[in-house]
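Engineer: Fold the following, please.
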Amino acid sequence: MPRHTAMRALVATFFALCAVPAFAQSSEPASPTSDDCMTCHADPATTRADGTPLVVDAKAYAASVHGQIDLACVDCHADLAKAELPHAEKLAPVDCSTCHADAVTEFKKSVHAKARAAGNTVAASCVDCHGMHDIRPAKDPESRVSHFNLATTCGKCHGDDAVIARAHLPGGNVVHEFEDSIHGRALTKGGLVVAPSCASCHGAHAIVASDAPESRVARANIPGTCGTCHEGISQAFSRGKHGAQLQQDNPSGPVCIDCHSAHHIQRAEMAAWKVDVVRECGTCHDESIASYRDTFHGQVTNLGYTRVATCADCHGAHEVLPASDPRSPISAANRLATCQKCHPGANANFAKYDPHANRHRRESGALLYYTGHFMDLLLLGVFGFFGIHTSLWFVRSWREVRARRGAGKSRTEARKTKGDQSGHA
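Structural biologist: Residues are numbered from 1 along each chain as shown. Below you'll find the model as predicted:
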């Protein structure tokens with residue numbers, strides 16, 4: 001072997017023997033383990049400077065969705081991966097998008113995220129709904145966002161009057177209204193999994209303000225949202241006049257919440273609701289409700305009774321059609337059958353009755369129009385006559401009272417004078 005070759009081999013062997021391993025060259029500390037973290041965070045005495053406890057329930061975390069997959073503390077608290085313990089009190093916010101990118105992307109579109117970006121710290125964040133170290137899967141009955149617990153979770157803000165006032169939340173205490181609704185009672189008291197909860201209508205993460213076109217509860221989208229459960233009614237509504245108005249982008253056309261409300265939805269069979277819905281129809285059909293109130297049907301419902309026909313009994317509830325449509329229950333061909341639902345003995349002549357005749361309009365019929373005027377004049381005449389009669393009688397009574405008082409005074413004075421004369425005698 002040449003001398004220079006042997007020398008190079010000797011030098012290479014020397015450096016190889018003296019080389020420092022790569023891991024020994026690093027001065028970075030190893031990541032703290034979860035056990036390292038729990039050394040402090042399992043101790044109830046561990047608090048912030050302001051006294052806020054920083055205890056982590058090890059059992060709750062072990063039962064959580066993160067604990068089930070052995071997620072380490074530093075997997076979420078990434079800024080502690082190379083930190084020395086004890087760490088600084090203020091840590092960087094946990095970035096949930098590291099694992100839940102799609103959910104966070106949807107959340108950023110929501111009214112909650114926009115409110116937080118505008119500086120409203122009351123607005124909900126991930127931990128406000130899901131929890132922190134005790135997060136359970138949504139299908140877990142113990143989860144804050146399970147179907148049966150979601151209304152309570154949303155109620156921490158939307159059911160707290162103090163939070164509602166401080167954050168200027170729209171709609172008022174909607175959770176209280178929901179709890180008293182047919183949906184809320186079916187969910188909390190009936191335990192029906194098919195009963196809707198908050199996310200059923202508003203969505204889970206991308207909750208958008210109701211005035212946004214893409215919102216699930218925007219006026220144009222409400223029939224579709226309600227139709228996810230009430231599909232048959234949604235189809236009937238779309239075939240009716242109201243649904244046609246919506247399909248023609250007519251903003252004046254009513255949707256589900258105009259008649260049923262948004263959160264305080266009641267059973268349609270309840271007498272109170274049947275009476276109230278007549279008033280709701282009148283908010284749009286003011287002339288029809290005025291003429292209806294003049295009839296026997298309207299007078300009875302105005303007293304709070306529902307044993308007579310209301311709007312839906314004649315016009316239908318959801319598939320409301322004009323009288324010119326042959327399918328309408330008030331069309332010429334179907335009117336008698338509609339009347340016979342309450343009046344079995346009704347005949348064709350009976351069905352000619354006009355339930356919306358307006359006595360103030362001659363178009364409703366000359367007989368009704370002039371009879372109405374005659375009744376007005378008769379009423380004025382009767383009250384006028386008795387008013388004049390009462391006034392004259394009052395004047396006469398007043399004069400008689402004065403006359404009696406005068407006569408009584410004269411007799412008193414006469415007796416007094418007679419007494420004085422007797423005394424002098």
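Engineer: mind checking the SS state of the residue nearest the centre of the chain?
Structural biologist: For the chain, the residue nearest the mean C-alpha position is residue 263 (3.1 Å; CA atoms, centre = their mean). Following DSSP: H, G, I helix; E, B strand; the rest coil, residue 263 is assigned to coil.
Engineer: what's near enough to touch the closest residue to it other than its chain neighbours?
Structural biologist: Nearest residue to residue 263 in three dimensions, chain neighbours excluded: residue 177, at 4.1 Å (CB to CB, 6 or more residues apart in numbering). Quick note: C-beta positions are derived from backbone N, CA and C, even for glycine. Residues near residue 177 by CB atoms under 8 Å, 6 or more residues apart in numbering: 261, 263-264.
Engineer: one step back: you'd agree the residue nearest to the centre of the chain is up against residue 174?
Structural biologist: Yes. Between residue 263 and residue 174 there is a contact under CB atoms under 8 Å: 4.7 Å.
Engineer: Report the secondary structure element holding the residue nearest to residue 263.
Structural biologist: Taking DSSP states H and E as the criterion, residue 177 maps to helix 174-179.
Engineer: which secondary structure elements does the longest helix along the chain contact?
Structural biologist: Longest helix in the chain by number of residues (criterion: DSSP state H): helix 366-424. For helix 366-424, not one helix or strand is in contact under the criterion 3 or more CB pairs under 8 Å, 6 or more residues apart in numbering; DSSP states H and E.
Engineer: so how far is it off the chain centroid?
Structural biologist: 62 Å (CA atoms, centre = their mean, to the nearest Å).
Engineer: Same check on stretch 83-96?
Structural biologist: 40 Å.
Engineer: what about it, how long is it end to end?
Structural biologist: End-to-end distance of stretch 83-96 (CA to CA, to the nearest Å): 20 Å.
Engineer: Which residues outside that stretch are in contact with it?
Structural biologist: 29, 32, 36, 40, 48-49, 76-80, 103-104, 126.
Engineer: Contacts only, for the residue nearest to residue 271 when sequence neighbours are not counted.
Structural biologist: Leaving out its chain neighbours, the residue that sits closest to residue 271 by CB to CB, 6+ apart is residue 306, at 4.7 Å. Shown in contact with residue 306 (CB under 8 Å, 6+ apart): 271, 274-275.
Engineer: Mind checking which of those residues land in helices?
Structural biologist: Using DSSP H, the contacts of residue 306 in helices are 271, 274-275.
Engineer: Domain map for the protein?
Structural biologist: 267-356, 360-395 (automatic domain parsing).
Engineer: which residues make contact with stretch 223-230 from outside it?
Structural biologist: By CB under 8 Å, 6+ apart, stretch 223-230 touches 194, 196, 200-201, 216-217, 233-235, 237-238, 243, 246, 255-256.
Engineer: Most neighbours among the residues you listed, which one is it?
Structural biologist: residue 237 (24 neighbours; other CB atoms under 10 Å).
Engineer: Check the offset of the strand or helix carrying that one from the chain's centre.
Structural biologist: Per DSSP H and E: residue 237 is located in helix 231-239. Its chain's C-alpha centre and that of helix 231-239 lie 22 Å apart, by CA atoms, centre = their mean.
Engineer: what do you get for stretch 101-116?
Structural biologist: The answer for stretch 101-116 is 22 Å, by CA atoms, centre = their mean.
Engineer: For the residue nearest to residue 159 when sequence neighbours are not counted, give me the pLDDT.
Structural biologist: Counting by CB to CB, 6+ apart, residue 159 lies nearest to residue 175, which is 3.2 Å off, once chain neighbours are set aside. Looking at residue 175, its pLDDT reads 95.
Engineer: So what's the residue count around residue 175?
Structural biologist: Residues near residue 175, counting by other CB under 10 Å: 22.
Engineer: could you list every residue that touches it?
Structural biologist: So residue 175 contacts 151, 154-155, 158-159 (CB under 8 Å, 6+ apart).
Engineer: of those residues, closest to residue 336?
Structural biologist: The shortest approach to residue 336 among those belongs to residue 151, at 47.4 Å (CB to CB).
Engineer: Could you verify that that closest one is part of a helix?
Structural biologist: Yes. Counting by three-state DSSP, residue 151 is located in a helix.
Engineer: Just confirm it contacts residue 196, I think it does.
Structural biologist: No. Taking CB under 8 Å as the definition, residue 151 is not a contact partner of residue 196, at 9.9 Å.
Engineer: any weak-confidence spans in the stretch 101-250 of the chain?
Structural biologist: Along the stretch 101-250 of the chain, no part satisfies pLDDT under 70.
Engineer: quick one: residue 91 is in a strand?
Structural biologist: No. Judged by three-state DSSP, residue 91 forms no part of a strand; its state is coil.
Engineer: how far away is it from residue 262?
Structural biologist: 40 Å (CB to CB, to the nearest Å).
Engineer: more crowded one of these two?
Structural biologist: Using other CB under 10 Å as the criterion, residue 91 and residue 262 rank with residue 262 on top: 17 against 12.
Engineer: Could you check how many residues crowd around residue 134?
Structural biologist: Using other CB under 10 Å, residue 134 is surrounded by 20 other residues.
Engineer: Surely it touches residue 60?
Structural biologist: Yes. Between residue 134 and residue 60 there is a contact under CB under 8 Å: 4.1 Å.
Engineer: how far away is the residue nearest to residue 159 from residue 161?
Structural biologist: With CB to CB as the criterion, residue 175 and residue 161 are 11 Å apart.
Engineer: you'd agree residue 82 is in a strand?
Structural biologist: No. Residue 82 is assigned coil when assessed by three-state DSSP, not a strand.
Engineer: quick one, what contacts the residue nearest to the centre of the chain?
Structural biologist: So residue 263 contacts 171, 174, 177-178, 181 (CB under 8 Å, 6+ apart).
Engineer: A PyMOL selection for the residues you listed, restricted to the buried ones, would help me check which they are.
Structural biologist: To isolate the buried ones among the contacts of residue 263 in PyMOL, judged by 16 or more other CB atoms under 10 Å, type:
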select buried, resi 174+177+178+181
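Engineer: So which of the contacts of residue 263 is the closest to residue 141?
Structural biologist: Of these, the one sitting nearest to residue 141 (CB to CB) turns out to be residue 178, at 20.1 Å.
Engineer: Could you pull out the buried residues of stretch 215-224?
Structural biologist: 215-219, 221-223.
Engineer: swap that for stretch 64-81, please
Structural biologist: In stretch 64-81, counting by 16+ other CB under 10 Å, buried: 64-67, 73-77, 80.
Engineer: and what of stretch 178-197?
Structural biologist: Quick answer for stretch 178-197 (16+ other CB under 10 Å): 178-179, 181-185, 187-188, 195-197.
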